[in-house]
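Novice: coordinates only, no sequence provided:
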């Protein structure tokens, strides 16, 4: 069974449109509503690729539905929350309800944050409506592209809660205008792809809709997949560390990291290929376990 | 006595232009110069609203003077600094002068940082000149709007000191261009509303002057005041935490925070109101103490 | 011997185009390739100015070559890396190679980060090609100007490694779009001066080439050199601290710092000069040691 | 009115047994139960001394009751907690109750942590029973002495809650055996003065009871009160910073702090007095404001 | 099938000697050498209890072998390390070997740190030899008891490596003598139970051997299991947070945590039981999922 | 010239009593007073060993004078402090004096902290009087031994200042009783070797005086020098990181560090030597540069 077929599941269509490039599509009509089962599958997919040592070098996440990215969390799950826990626990003791909710939230956060744990970059390509949980998903990816048609909203406040699976943790660190960020978070106002670029949330607005933005993201993924996976995965890990630590701390960590990474064969291969004006060839990061 | 009348003081005009929306205006002609008494009153106002449990859900800060926001610190106070302490202490012992100055600076910082401590968002609407302390005040608010007429300057270097009540603490975290930030801080160059937007300092430049920018800010405040105060105040607290902590730390904190917050009645009320296409009704955060 | 002549070295041309303003030019044809000797001299220059207490109040770094800023690291040095260490150590023990590499990297990082350690602002003026190490050098400066002609690339991934002397440590903190930053870091795509401004990396794009961008940077340096060095150096130190600490931590540090700094003569001198509409005169930060 | 009389309040007896030495005694029979009013007065006392610039150089905190230090929180207040908030708020909305409780807890924490905010060392002298809140109070002081008679218990778990006003925040940083700390915190086991010393919680076990331990603490306070207040307050501030920051961060902060502090007259006075074998004389830290 | 039988596995004997008390015994003769399979099972056991919501309130970890706790890592696994990865990966590319090793180490660290992630306290009871990995295991538990017979050694340096699954991460934070810690870590010297107590590593030295130390640990577990699980688990979570954060950060986190926890029924139940001099009854933390 | 002779300087006698073991003795009669020149030489010695890649595997620091370790800072230098700067700067501008002092303090801190930067453990052996700066020196070493005759005092407060070159930065992290630490720091009380052990400052009190404590330290150094330098230096680096970071941060750093370190030949050599019951042979960490 091909890698892509093997990794696909009920609501996640996985394909390998180019060598080492994975395309992951949300496919839960009508609005890609995320239930516990859906987000668990999403997180598990990334962790499985890493654990199994699959030779993936870049991935694109997008929606397979024509009109939207995702309307966010599944309404039925939201209803369960008010009964005392995402996992369906009902308990009249406020502290116990809280402990159960906390445990469920941490599992939810862990799933949505999965792209961060894998060694390759994840590019998200957004078109149409991207509401609520969409922003958490988008924020946890490495690179964000939006179609002109994209419409975003940090919607959680409208159902009476603060976003808790990533939006508020990532945004203050990855964008360039805290005033706009707070305005959007408090007001739940819809914002366009152009606004998202102005905020610093997306790096490219692609004219058109789903097909165009996905094509652009796949093109970028193809470029990245041709680079040394030792170099790219190291760059990713160091940038993640840098986001959360001081310059001095990061330089110390980077020195420890690169002390091993600089012993890679990819350096002479890169230099030799450049001299010979040929495409370099890089081995997988590790022998696949499956 | 109305809430607004009760909260007004010598140089701070407070009104309640819409339910749960507070408008705070600086009114110390000719240039809204901030003396110790003025900034103390400014900080005390926010702390009092919180302590008394007033049902405020959004506030707008602006200048009531037609031509400017504020020219910054009061010159007389600046003179006192050189005598050995903002509080007027004179002492020939460099260490004792320093200790007195430090104590006074911390009180000053505490006052200007008051918007951060209250549970509702504070929107600042700037028009005309906004110099020196203006940037500290503006930076400590949640959301920043500027009239086209606004002119900013990080002026402190021009009187021989480094800004110490917020500008330098907040700016590196809330904007998107450190090079521009440093250029403006070292050179004290005047910058326009458009520059402020380019820097990432303001989220909206409003055509016109005082009336237009205040109207825009009040409109946003009105929108926010209609949202669940549990959701908005939680979003504010979590974003403040996120600004200062790593993603992992913030997710842990958010899980602890929302473990209680998700037990709010505002969630079923929000969902019910949305289904019925009616305006949701939310209770105050706590029973007022006064 | 003049200060400038005294500080110049083989590949670093130093001049003093205005009082207290230093101009440092890279001059290693054909491509300003940075060898160990070159970067060591670069770092040592800044440290020497500080240690000797030279009365420099602003510096401009640029390339003296007509077509480019720098093509990055010297190829011969890159080859040495694969032999087991920047310092030329060859050792078949992976751990020992790693320890040697780490020690060399830390020396390299220390050299490139030198602008941060000196008390005056460093403005970098970029024109033409700026590849690889160029971004590390640029990121470690206070202020970044680019000529229209500038072309940047975070090139390291193309030779199989992750940038380890500053780019990845600084960028996540000083720009406004993490998505664009990662795209550029993973793909090694060339980006223009306009892109650099959109990313938040440069604060000004100067029409023209080398001469124009250097002139603009020197003009800014001249403005800064006219300000109180106590105020400017304090602002720099506090901004550096703020970048790496929480708001609360920074306010505490700032209070300790300014407790001494507010006792400067520069404050009354600044105020007196402003009243008399004359240029203020400021003493050097400390008596020169040489 | 004397300083001591002026500072005394209903349940806090304040005396000045030696110049610049304050003795603060809990006096709320039968068990020094801490109500909101009591702990508020406790915190306010320290803050008032600092704000008013009183020339206090060391303080001793102890219980005026013969048999115990304190049995902890007032039972009536504990009952109020279960009704929805320490401040007496009742609210069936779990999130609103939580927000009210959080606000009250922060005020409580602020009061108990007051000794940390004042510039002089606070020595706590414990005898008899010291339960629950006693450990929070004790942990927030600078120095801890115990009479042989002292009996401690981290009692909170026995009423169904986790200690939240200091015990769990301070203990992991100020003692030398985390295993013992957790054992005592989970089990609520009573521990002796000797156990407290073994844990690293107290620095001296004084044979006898209240009188003996208070005498020993006052003797130490007297020694400290004879030292330079610039040196002692600086040492306190730097140690507090060091507890919560890395070595590198603390050295940077200390350099900023001492840059001013080293300019004190206390240094030549100390050296001159030592040479002349006389007692040095030191000025107050700042001119009293009242 | 009983809880205990259900949780037991090849080398881990699990029993429930008292209600809500789990006893976990290492049983891999002759020396409890930890292979990948063994440590994976150890970590999975704790995670499974948490995920399944089992009503465990305290656990004791000990060795079922008469003469020793554990001799540490399995020698066969150590050999595999030198071939390029704990997971058996062989690769001549130093960087790829490093990345594989890092991934395996993180899985190993995750397993050994499992006691930290569960909501109940874990008491480790050590007798006989406790070498290498033993110290990692012991350090990651909440409470440490040692039999008089216990002999410890931080053995890793003797096989040419630095301990990387917990010892060096935990020890600097949980003991009271860094000089002794380093001496033992560098020299690999054997140290006695009394030395361990002097170091602050264990809280109790129990006369005798395995039976005596296990009996003491089970007695303590029994006491803890009788307490409110809301209070105990909250205390554990807050202490873990406190170990790694500043006092101010921890107080903020604790306020968020307890805002929900103080709404527990365990508080009135605790108070009522204390008044009635009866044993309180507490519900499980959450409904079991299996 | 032998290594030892080469490294010796005016007041620092260096010998190599065993292979790879360095003995560094303070030799500035009558009281080993530390002048700028003396402490600069002390710091430079360690940095030079590291930079030159000398094959040192453990060092012992002690005093060559019969009666004392050191009386601390040189009195003449202390006098210079009050004139405006350790470097002899005199300046009536409080801010400029402060900046000069800060720069000098940082150089001083850098020198005293040198043992931390070298890859081998440094054991300090203290006898007789150890005052003021002695505690800074002692705290910055890896391991501390004291002769019975040792007498310590954190003396700085007695000359009107707070210790600023290490004592206050290190002590809160490396000992086990903050109460005792503060008591000693505020009171400047003399404390014995036994007190130092109770505090957690020293790991061993050696009966006798200088000769005995030096012999014990050299014996330990000999043991450490026989271990794998890859393992020992890694353990040192990881422990230093752990002291200043959270458990999670340290585990991440350790995984990056050991990813390279586990590829060392020292592991198979260690295992082979253990099996053959012979002494293992380890190569130097890197080829010496001189």
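Specialist: Yep, that arrived. Predicted model, so just to flag it, every value in this text is computed and none were measured.

Novice: from what I can see residue A:30 touches residue A:70, true?
Specialist: No. Under the criterion of Cβ atoms under 8 Å, residue A:30 makes no contact with residue A:70, lying 11.0 Å away. Placement of C-beta: from N, CA and C, glycine included.

Novice: ok, those two, which is more surrounded?
Specialist: residue A:70 (25 against 9; other Cβ atoms under 10 Å in any protein chain shown).

Novice: quick check, the more buried one in contact with residue A:29.
Specialist: No. In this structure, residue A:70 is not within contact of residue A:29 by Cβ under 8 Å, at 11.4 Å.

Novice: mind listing the helices for the stretch 151-290 of chain A?
Specialist: With DSSP state H, counting those that start in this stretch applied, the stretch 151-290 of chain A shows helices at A:167-174, A:178-187, A:193-199, A:210-225, A:229-244, A:247-261, A:266-276, listed in chain order.

Novice: let me have those in CSV, extended by distance to chain D.
Specialist: Rendered in CSV, the data for those read as follows (distance: least, Cβ to the nearest Cβ, whole Å):
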stretch, distance to chain D
helix A:167-174, 17
helix A:178-187, 17
helix A:193-199, 29
helix A:210-225, 35
helix A:229-244, 15
helix A:247-261, 7
helix A:266-276, 32
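
Novice: so which of those helices is nearest residue F:108?
Specialist: helix A:247-261 (19.7 Å; Cβ to Cβ).

Novice: any residue of the closest one touching chain B?
Specialist: No. Taking Cβ under 8 Å from any Cβ of the partner chain as the criterion, helix A:247-261 and chain B are apart, separated by no less than 10.8 Å.

Novice: okay, angle between that helix and helix C:167-174 too, please.
Specialist: For helix A:247-261 against helix C:167-174, the angle by axes from the mean of the first three to the mean of the last three Cα atoms, to 10 degrees is 150 degrees.

Novice: which strands and helices sit next to helix A:247-261?
Specialist: Other elements packing on helix A:247-261 under the criterion 3 or more Cβ pairs under 8 Å, 6 or more residues apart in numbering or on different chains; DSSP states H and E are helix A:229-244, helix C:94-112, helix C:167-174, helix C:229-244, helix E:94-112, helix F:247-261.

Novice: go again with 6 Å.
Specialist: Using 3 or more Cβ pairs under 6 Å, 6 or more residues apart in numbering or on different chains; DSSP states H and E as the contact test, the elements touching helix A:247-261 are helix A:229-244, helix C:94-112, helix C:167-174, helix E:94-112, helix F:247-261.

Novice: from the chain's centroid, how far away is it?
Specialist: With Cα atoms, centre = their mean, to the nearest Å as the basis, helix A:247-261 stands 25 Å off its chain's centre.

Novice: who's in contact with that helix?
Specialist: By Cβ atoms under 6 Å, 6 or more residues apart in numbering or on different chains, the surrounding residues in contact with helix A:247-261 are A:230, A:234, A:238, A:241-242, C:98, C:101-102, C:105-106, C:109, C:164, C:169, C:244, E:95, E:98, F:253, F:256-257, F:259-260.

Novice: so the spatially closest residue to residue A:110 that is not a sequence neighbour is in which element?
Specialist: Spatial nearest neighbour of residue A:110, excluding adjacent residues (Cβ to Cβ, 6 or more residues apart in numbering or on different chains): residue A:43 at 6.3 Å. Using DSSP states H and E, residue A:43 maps to helix A:36-51.

Novice: mind checking the SS state of residue A:25?
Specialist: strand (DSSP: H, G, I helix; E, B strand; the rest coil).

Novice: surely it is in contact with residue A:14?
Specialist: No. The criterion here is Cβ atoms under 6 Å, and residue A:25 misses it with residue A:14 at 7.7 Å.

Novice: for chain D, what's the nearest residue on chain A?
Specialist: For chain A, the residue positioned closest to chain D under Cβ to the nearest Cβ is residue A:94, at a distance of 4.9 Å.

Novice: what sits against the residue lying closest to that residue once chain neighbours are set aside?
Specialist: Take residue A:94 and drop its neighbours on the chain: the residue closest to it by Cβ to Cβ, 6+ apart is residue E:263, 3.1 Å away. Remark: with contacts taken as Cβ under 6 Å, 6+ apart, residue E:263 is in contact with A:94, A:95, D:97.

Novice: burial count for the closest residue to chain C within the stretch 51-200 of chain A?
Specialist: With distances taken as Cβ to the nearest Cβ, the stretch 51-200 of chain A approaches chain C most closely at residue A:176, which sits 2.1 Å away. A total of 25 residues lie near residue A:176 under the criterion other Cβ under 10 Å.

Novice: so it touches residue B:174, yeah?
Specialist: No. Taking contacts as Cβ under 6 Å, residue A:176 lies outside contact range of residue B:174: 9.1 Å.

Novice: what residues does chain A put near chain E?
Specialist: Taking Cβ under 6 Å from any Cβ of the partner chain as the measure of proximity, chain A contacts chain E at A:89, A:93-95, A:98-100, A:230, A:260-261, A:263-265, A:285-287.

Novice: which one of those sits closest to residue B:61?
Specialist: Within the residues of chain A next to chain E, distances to residue B:61 taken as Cβ to Cβ reach their minimum at residue A:98, with 35.0 Å.

Novice: give the contact list for that closest one.
Specialist: If a contact means Cβ under 6 Å, 6+ apart, then residue A:98 has B:259, B:260, E:260 as its contacts.
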